[in-house]
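dropping the sequence and predicted coords here.
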Amino acid sequence: VQLVESGGGLVQAGGSLRLSCVASGFTFDEQPMGWFRQAPGKEREFIAALDWSGAKTYYGNSGKGRFSISRDNAKNTVDLQMNSLKHEDTAVYYCAADTYQPEWWSGEYDSWGQGTQVTVSS
């Protein structure tokens, strides 16, 4: 399993970024995917997840309202659109896959990308 994130960078507060994660090594359209983030000195935080079809989405408190998760099963990608960014959104953002069983949402993520840095200047 390989997950590769891209799209991070430096952005001013109020701006937008779109993160993308390309997946390989498993049957992408059978597995739920998620986005997490971790800021320095803080625990990893759940942002959003969606099921294998993309029909069902879930958001953590940090992702509600400003962030949107989506997937393209034809391209094996899962994206995170982030709008109205705030300084406190600064973190390393990780893509994760739940590959325990096909078409089953275990709630546990067993594969992780290397992360992409998002820095929001205030």
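Ah, there it is.

for residue 33, phi and psi?
Dihedral pair for residue 33: phi -130, psi 160, per degrees, to the nearest 10.

OK, contacts around it?
21, 23, 49, 50, 69, 71, 78, 95, 96, 97, 98 (C-beta atoms under 8 Å, 6 or more residues apart in numbering). From N, CA and C alone the C-beta is placed, and that goes for glycine too.

mind listing the residues bridging to the fifth one?
Assessed by DSSP bridges, residue 69 has beta-bridge partners residue 80.

how near is the residue nearest the centre of the chain to residue 122?
Geometric centre of the chain, nearest residue: residue 35, 2.3 Å, by C-alpha atoms, centre = their mean. Remark: distance between residue 35 and residue 122 (C-beta to C-beta, to the nearest Å) = 23 Å.

same check on residue 65?
Per C-beta to C-beta, residue 65 is found 19 Å from residue 122.

thanks again, I'm all set now.
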